[in-house]
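Asker: sequence first, then the predicted structure, then my questions.
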Amino acid sequence: MRAGLENRLNGIWYGSHPAPWWLRILVPIYKAGNRLDRWWKLRRRPVDLESVFIIVVGNITVGGSGKTPLVIKLCQLLRQAGYRPGVISRGYGRKDGRLRLVSPDSDPTAVGDEPLLIAQRAGVPVIVANSRCQAARQLVHQDINVIISDDGLQHYRLPRSLEICVIDGSRGFGNGSLIPAGPLREPLSRLAAFDQIIVNGEPDLLPEELPIIPMTFVAGLLRSLESGQSWRLAQFGGCKVNAVAGIGNPGRFFDLLQHARIKTVEYVFPDHHVFCATDFEPMDPLLPILMTEKDAVKCKHLGLSNAWFLSVDALLPWEWEQDLIQRVAKGVNNTRSKS
């Protein structure tokens with residue numbers, strides 16, 4: 001049912017289907033609620049976190065845009081530069097809202113798939129909680145000097161030193177309408193307030209005057225879900241596979257496989273889907289299963305003997321990396337002087 005609703009909304013938001021009237025009439029209600037929520041939460045920003053350097057990474061559209069690989073990249077860059085980064089997240093779809101420290105072997109249903117993936121790949125402290133401010137305080141107590149919020153542009157209570165908006169270049173802003181008639185969480189006028197706008201892929205659907213920073217994904221190794229054995233993606237060239245994707249934009253993953261000359265039988269699941277063994281029963285048992293790394297963290301307990309996951313890394317301009325480190329250095333020094 002959820003998959004059907006998601007497909008229908010995507011057809012309206014990113015396709016050619018016009019939004020029905022009963023969705024359009026709800027837009028002013030959502031817009032008014034968003035303004036009220038922003039006004040109220042900005043007035044209640046905690047003073048104790050104003051002296052902490054916080055980077056918020058998010059988007060203004062519903063669905064995946066490439067935030068998680070960017071967060072991992074930020075952690076890697078900051079560690080290399082000698083900083084002590086940590087990540088906070090709400091942990092979408094988890095069982096409860098309690099504050100939890102995420103370890104590489106955490107239960108994904110308890111902490112969320114994206115925080116678990118970040119903990120496994122970035123090697124930094126990751127904390128999930130319904131209150132991002134509470135999670136940020138916990139990281140401060142662990143002597144973290146740069147906090148990265150995975151998502152949270154609309155969590156207005158959380159102070160921020162740097163706002164980064166990530167946009168999926170292949171989808172853009174869809175039909176340009178606010179929820180529920182379109183995919184926008186905030187009006188497009190909000191773009192002017194961001195410190196940086198990073199576009200994942202070709203910005204064909206975006207205005208030319210928008211100041212953007214390009215980001216691409218580089219395919220890493222394919223790893224066996226069962227043994228950890230690794231293969232290069234090119235070694236699957238010419239093979240036919242069951243391709244599984246439960247991410248915001250599954251087409252991007254399928255295109256990556258097809259570009260490597262892999263023949264795909266595609267199986268699309270909703271974003272953040274909780275996998276079970278029956279999900280794989282319709283698939284050809286003689287073909288290998290290829291999935292995203294985000295999906296793999298939820299499938300390791302299913303005993304899939306011929307399943308592989310593909311890791312990807314975010315690639316950004318060298319100039320952006322240097323500018324980021326300079327901004328952080330200046331910001332951390334300023335926050336030290338305030339504390």
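Answerer: That came in fine, so what should we check first? Numbering: from 1, shown residues only.
Asker: where does the stretch 1-150 of the chain dip in pLDDT?
Answerer: 1-5 (pLDDT under 70).
Asker: residue 140 looks like it's in a helix, true?
Answerer: Yes. Counting by DSSP: H, G, I helix; E, B strand; the rest coil, residue 140 falls inside a helix.
Asker: which residues touch the spatially closest residue to it that is not a sequence neighbour?
Answerer: Here the nearest residue to residue 140 in space, its sequence neighbours aside, is residue 52; by Cβ to Cβ, 6 or more residues apart in numbering that works out to 6.0 Å. C-betas here are computed from N, CA, C, even on glycine. Going by Cβ atoms under 8 Å, 6 or more residues apart in numbering, residue 52 touches 136, 140, 147, 159, 161, 335.
Asker: run the last query once more with 10 Å
Answerer: Applying Cβ atoms under 10 Å, 6 or more residues apart in numbering, we find residue 52 in contact with 46, 136-137, 139-140, 144-147, 159-161, 331-332, 335, 338-339.
Asker: what about stretch 78-95, how long is it end to end?
Answerer: 31 Å (Cα to Cα, to the nearest Å).
Asker: now, of the contacts of residue 52, which are buried?
Answerer: 136-137, 139-140, 144-147, 159-161, 331-332, 335 (16 or more other Cβ atoms under 10 Å).
Asker: and stretch 23-36, how far out from the chain middle?
Answerer: Relative to its parent chain, stretch 23-36 has a centroid offset of 25 Å by Cα atoms, centre = their mean, to the nearest Å.
Asker: C-alpha coordinates for that stretch, CSV please?
Answerer: What follows is stretch 23-36 as a C-alpha-only set of coordinates in CSV (Å, rounded to 0.1, in the frame of the first residue of the first chain):
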residue,chain,number,x,y,z
LEU,A,23,-4.1,18.1,-2.9
ARG,A,24,-3.8,21.6,-4.1
ILE,A,25,-6.3,23.0,-1.6
LEU,A,26,-4.1,21.6,1.2
VAL,A,27,-1.0,23.6,0.1
PRO,A,28,-2.0,26.9,1.8
ILE,A,29,-2.6,25.0,5.1
TYR,A,30,0.8,23.3,4.9
LYS,A,31,2.4,26.7,4.0
ALA,A,32,0.8,28.4,7.0
GLY,A,33,1.8,25.6,9.3
ASN,A,34,5.4,25.7,8.1
ARG,A,35,5.6,29.4,8.7
LEU,A,36,4.2,29.1,12.2
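Asker: just the buried positions in that stretch, please.
Answerer: The neighbour-count check on stretch 23-36 (16+ other Cβ under 10 Å) flags 23, 27, 34 as buried.
Asker: with stretch 270-285 instead?
Answerer: Going by 16+ other Cβ under 10 Å, stretch 270-285 has these buried residues: 270, 271, 272, 273, 275, 279, 280, 283.
Asker: can you lay out the buried residues of stretch 23-36 as JSON lines showing distance to residue 70?
Answerer: JSON lines is the format used below for the buried residues of stretch 23-36 (distance: Cβ to Cβ, whole Å):
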{"residue": "23", "distance to residue 70": "30"}
{"residue": "27", "distance to residue 70": "29"}
{"residue": "34", "distance to residue 70": "24"}
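Asker: okay, and residue 294 sits in which element?
Answerer: Take DSSP states H and E as the rule and residue 294 turns out to sit in helix 293-296.
Asker: can you map out the helices along the stretch 201-339 of the chain?
Answerer: Along the stretch 201-339 of the chain, the stretches classed as helices by DSSP state H, counting those that start in this stretch are 250-259, 293-296, 318-338.
Asker: indicate which one of these is closest to residue 225.
Answerer: helix 293-296 (5.9 Å; Cβ to Cβ).
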